[in-house]
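what's the 3D shape of this:
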Amino acid sequence: MNKEKNETKKTEWQPTLPGLNIEAAGGSAIVQAVETSLASLDEQGLLEAHHSGQIQLILEVARAVGAGLSWGKVSVATTTLVRELRELMATLPAPAVKQAEDPMDALLEAARPE
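Residues are numbered from 1 along each chain as shown. Take a look at the predicted model:
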């Protein structure tokens, strides 16, 4: 992914994928959380050009969820969007999971003669 700034909105993380357009709008907590997740995946090199549409959809749904949650009463539509957002986020590439170091490996490494 290209790390150049997207001219539409200035934030710490801006993907510049072909066709991706991030509007300058006030970010709700959910939008900020989604952007943080996307930034993490981007830093790990997991987001590519073919993710543009998927990321755009995720950002749009996150904005809609944020707007829906800002009202005093949560509607059925907002609840449905929350479920959709969760499902969309689950379709993104999974970050590599660091496995805990096996204590036996550490012991064997320490005991190995130099």
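
At which residues are the helices of the protein located?
Assigned by DSSP state H, the helices in the chain fall at 29-43, 52-70, 76-90, 103-111.

so the first one versus helix 52-70, what angle?
Between helix 29-43 and helix 52-70, the angle comes out at 160 degrees (axes from the mean of the first three to the mean of the last three C-alpha atoms, to 10 degrees).

what packs against helix 29-43?
helix 52-70, helix 76-90 (3 or more C-beta pairs under 8 Å, 6 or more residues apart in numbering; DSSP states H and E). The way it works is simple: take the backbone N, C-alpha and C, and place the C-beta from them, glycine included.

Pick the most buried one from those.
Greatest average neighbour count among these goes to helix 52-70 (a mean of 18), per mean count of other C-beta atoms under 10 Å.

Could you tell me the average pLDDT over that helix, please?
Helix 52-70 carries an average pLDDT of 93.

got it, and stretch 82-90?
94.

how far does that stretch sit from the chain's center?
11 Å (C-alpha atoms, centre = their mean, to the nearest Å).

Kindly reformat the helices and strands packed on helix 29-43 as JSON lines and extend each row with distance to residue 111.
Converted to JSON lines, those look like this (distance: least, C-beta to C-beta, whole Å):
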{"stretch": "helix 52-70", "distance to residue 111": "48"}
{"stretch": "helix 76-90", "distance to residue 111": "43"}
